[in-house]
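Novice: the following comprises the amino acid sequence and a computationally predicted model.
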Amino acid sequence: MNPQILMDLEKLYPELILTAAILCVVIADLAFGRMRRNAAFLSAAAGLALAFVATLPLFGEPRASAFFGVLAVDPMAAFFKCFLILTSFLILLVAPRSKEFSGHHLGEFYALLLAVTLGMLLLASSLDLLMLYLSLEMVSIGSYVLVGYLKSNRSSNEASLKYLLFGSIATGSMLYGFTIVYGLTGTTKIPVIREMLSASSAAGENTLLLFVATVLILAGFGFKTAVAPFHFWCPDVYSGAPTPVTAFLSVAPKAAGFAILIRFFFTGLSNASGADVWTPLSHIPWQQLALVISVITMTLGNIAALRQDNMKRMLAYSSIAHAGYILMGVVVMTEQGLQSVLVYLITYLFMNLGAFLIVIEIFNRTGSFDVNDYRGLYRRSPFLTIAMAVFMLSLMGIPPFAGFFGKLYVFAAAVNKDLAWFAVVGALNSVVAVYYYARVIKAMIIEPSQDTSRLRIPWSSHVMIWLLLLPTVGMMLCWSLIQRLTETSAKLFLG
Amino acid sequence: MIGLSHFLVVSAALFSFGIMAVFARKNAVNVLMGLELILNSANLNLVAFSRFSAHNLDGQIFAIFVIVVAAAEAAVGLAIVLSMYRILKSVNLDRADTLKG
């Protein structure tokens, strides 16, 4: 046995714990007759909590690669692992609350959720095209099943079918792009690809081919992060899937997609010029490509969201727009830009999950996702109304809520890289976004409704909502902590 | 003498046929077959590059993994199509039209 592999295993504890937890969930689900729902839930929760704790030491590790250059060990990977595990944990708490799952057995749901999380952890740290492809498919195939979890529900099934078709085309094209890159460089290791491409003149002759490969690969990453023009699946899948799964898809795979997009393009297709600035390899104009995509994504997402009545569709388009803002932090190609991506993701996690949680709570009581059925909610449940208003204001980017800081960091990073017009486009887009978020608040507070019966909110819902409300409101109070965390995390292993 | 370019042409044709099948076909099973074509065109590329230009085995190992993933994807895809058939009594993709807007 090679001792190096054994030593590298220590850096893989979060993944190993999650693997063990998946097995525990499956066994617990089968073994404990009447108690099985709780047993599966508890083992899933314990697995995620343990994996989170096991990820923390990785922040202190020096930047390196493990398993012969297949996985990266760096602060960036550690950050994303913590982020993804936290997201899955919150979804695990939210999922049993939804009425859509009543009458369904949730054991397999927990196992699938953990499996997708495991795939995302590997995706966020993969440094080899093979590993990248396998973990991306692990995430995708798991999510297809999660989306179609309500087997007898027509829209859930349709959403899952559409997700499968779009997903397979996107990952298939990405794979074809990988094969071209492999053919040109003769390697699947991302840092070596950069060395080969910047050294050899062979790359110079094949500019067009490399460009095609880059576009194909962007299709795969764009599908995971739901940026235009690879976003078509997003509204349909988000509105058809069970709402906890929608909430999960809108945060976790998106974050993992950005993690791998950053890793692939920064490590594979760019040179580090100076300590904290990257420049794309001269013959691959991916930066301009991503810039155009970012502008189109946020504009398209915001404009399409204006005319949605279904809350899940509205939040789907809003999540597309947010992906555009996040991509803006990637495009500037500085360490400050990377930091802004991380800041944005942290704030986005709490406010977006919060908004979906309120949508679930309202659906449980009124059975509707239509924003017109939110009328007069202020009289029926002031607490839900105020919580929803806070999440909407935060998604708009109104200070002092968390969402403001995400936008502030991203725009500041763009301005510092002499892309002020880019920041202006982003700011104008946020103005458009105010309309559809404010429409929800208006419906809840100003517009009257016939039904004035009070909605009963059990204490467990209160706890869950406060869990997401507190970070959204109070993040600015511990901002130095977030600042330090993201600043140390915005470091990549470059090989 | 059959060289690299022959393989690449075949694989590019397979890829295009796959994409065409996915977009033009109405039958869900035919679409899944189109997806298999896309993955197999990538396999052909990997093996050809591994043999002719890269001169290492990375590509062939990659291809084996892709075959496994393709099987998993087809299994999940067929399961979803089967569940669609249970609900709609049809595998025509045009019938899946409840979500739009």
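Specialist: Happy to help now that I have it. Numbering: from 1, shown residues only, chains lettered A, B, ... in the order given.
Novice: wait, A:Leu92 touches A:Ala40, no?
Specialist: No. Using Cβ atoms under 8 Å, A:Leu92 is not in contact with A:Ala40; the gap is 10.5 Å. Glycine gets a C-beta too; all of them are placed from N, C-alpha and C.
Novice: which one of those two has more residues nearby?
Specialist: A direct count of neighbours by other Cβ atoms under 10 Å in any protein chain shown for A:Leu92 and A:Ala40 places A:Ala40 higher, at 26 against 22.
Novice: any idea which element that one lies in?
Specialist: Secondary structure from DSSP states H and E places A:Ala40 in helix A:36-55.
Novice: what sits up against that helix?
Specialist: Helix A:36-55 is contacted from outside by A:13-15, A:17-18, A:20-22, A:24-25, A:28-32, A:78, A:81-82, A:85-86, A:88-89, A:92-93, A:96, A:105-107, A:110-111, A:113-114, A:117, A:121, using Cβ atoms under 8 Å, 6 or more residues apart in numbering or on different chains.
Novice: can you tell me the closest non-neighbouring residue to residue 81?
Specialist: All of this refers to chain A. Residue nearest to A:Lys81 in three dimensions, not counting chain neighbours: A:Thr55, with 4.6 Å by Cβ to Cβ, 6 or more residues apart in numbering or on different chains.
Novice: wait, chain B
Specialist: Closest to B:Val81 by Cβ to Cβ, 6+ apart is B:Ala28, at 4.6 Å.
Novice: how about that neighbour, what does it touch?
Specialist: B:Ala28 touches A:161, B:81, B:84, B:91-93, counting by Cβ under 8 Å, 6+ apart.
Novice: could you rerun that using 7 Å?
Specialist: By Cβ atoms under 7 Å, 6 or more residues apart in numbering or on different chains, B:Ala28 lies in contact with B:81, B:84, B:91, B:93.
Novice: state the distance from A:Ala423 to A:Phe411.
Specialist: With distances taken as Cβ to Cβ, to the nearest Å, A:Ala423 is found 4 Å from A:Phe411.
Novice: give me the element the closest residue to chain B within the stretch 1-150 of chain A is part of.
Specialist: Relative to chain B, the nearest point of the stretch 1-150 of chain A is A:Glu137 (4.8 Å; Cβ to the nearest Cβ). Using DSSP H and E, A:Glu137 falls within helix A:129-147.
Novice: which helices and strands does that helix pack with?
Specialist: Under the contact definition 3 or more Cβ pairs under 7 Å, 6 or more residues apart in numbering or on different chains; DSSP states H and E, helix A:129-147 sits against helix A:107-125, helix A:154-185, helix A:243-263, helix B:58-88.
Novice: packing partners of the shortest one?
Specialist: I take that to be helix A:107-125. helix A:13-31, helix A:36-55, helix A:75-94, helix A:129-147, helix A:243-263.
Novice: in chain B, where is pLDDT below threshold?
Specialist: Within chain B, the ranges that satisfy pLDDT under 70 run B:101.
Novice: show me the strands in the stretch 251-400 of chain A, by range?
Specialist: Taking DSSP state E, counting those that start in this stretch, the strands of the stretch 251-400 of chain A run over residues A:270-272, A:278-280.
Novice: contacts for the last one?
Specialist: Residues outside strand A:278-280 that contact it (Cβ under 7 Å, 6+ apart) are A:266, A:269-273, A:286-287, A:333.
Novice: out of those, who's nearest chain B?
Specialist: A:Leu269 (18.8 Å).
Novice: so the closest one makes contact with A:Pro285?
Specialist: No. Taking Cβ atoms under 7 Å as the definition, A:Leu269 is not a contact partner of A:Pro285, at 10.1 Å.
Novice: those two: which is more packed in?
Specialist: Neighbours were tallied for A:Leu269 and for A:Pro285 using other Cβ under 10 Å; the higher tally belongs to A:Leu269 (24 against 14).
Novice: coming back round to it: what sits in contact with each of A:Leu92 and A:Ala40?
Specialist: Counting by Cβ under 7 Å, 6+ apart, the contacts common to A:Leu92 and A:Ala40 are A:Tyr110.
Novice: what pLDDT does the residue of the stretch 1-150 of chain A closest to chain B get?
Specialist: Note on A:Glu137: pLDDT of 96.
Novice: test my guess that it contacts B:Val68.
Specialist: No. The criterion here is Cβ under 7 Å, and A:Glu137 misses it with B:Val68 at 9.5 Å.
Novice: which of the two has more neighbours?
Specialist: Neighbours per residue (other Cβ under 10 Å) separate A:Glu137 from B:Val68, with A:Glu137 holding more: 23 against 11.
Novice: dump the residue contacts of that one.
Specialist: A:Glu137 sits next to A:171, B:69 when contact means Cβ under 7 Å, 6+ apart.
Novice: hmm, back to that, mark which of the contacts of B:Ala28 are buried, thanks.
Specialist: Buried residues within those, counting neighbours by 16 or more other Cβ atoms under 10 Å in any protein chain shown: B:81, B:84, B:91, B:93.
Novice: quick check, nearest of the residues you listed to chain A?
Specialist: Taking these together and measuring to chain A by Cβ to the nearest Cβ, the closest member is B:Met84, at 5.5 Å.
Novice: ok, now how distant is the closest one from B:Arg25?
Specialist: From B:Met84 across to B:Arg25, the span is 15 Å (Cβ to Cβ).
Novice: tilt between the helix holding A:Ala40 and helix A:75-94?
Specialist: Interaxial angle of helix A:36-55 relative to helix A:75-94 (axes from the mean of the first three to the mean of the last three Cα atoms, to 10 degrees): 160 degrees.
Novice: tell me the buried residues in helix A:36-55?
Specialist: Using 16+ other Cβ under 10 Å as the test for burial, helix A:36-55 gives A:36-37, A:39-41, A:43-45, A:47-48, A:50-52, A:54-55.
Novice: could you do stretch A:97-109 as well?
Specialist: Of the residues in stretch A:97-109, A:97-98, A:100-101, A:104, A:106-109 count as buried by neighbour count, 16+ other Cβ under 10 Å.
Novice: ditto for stretch A:486-495
Specialist: A:486-487, A:489-495.
Novice: and the gap between the closest residue to A:Asp276 other than its chain neighbours and chain B?
Specialist: Closest residue in space to A:Asp276, ignoring its immediate chain neighbours: A:Glu335 at 3.5 Å, by Cβ to Cβ, 6+ apart. Between A:Glu335 and chain B the distance is 32 Å, computed by Cβ to the nearest Cβ, to the nearest Å.
Novice: next one: A:Tyr325
Specialist: Noted for A:Tyr325: a distance of 24 Å to chain B, by Cβ to the nearest Cβ.
Novice: could you report the neighbour count for the spatially closest residue to A:Ala304 that is not a sequence neighbour?
Specialist: Computed as Cβ to Cβ, 6+ apart, the closest residue to A:Ala304 that is not its neighbour in sequence is A:Tyr317, at 4.6 Å. Counted with other Cβ under 10 Å, the neighbours of A:Tyr317 add up to 25.
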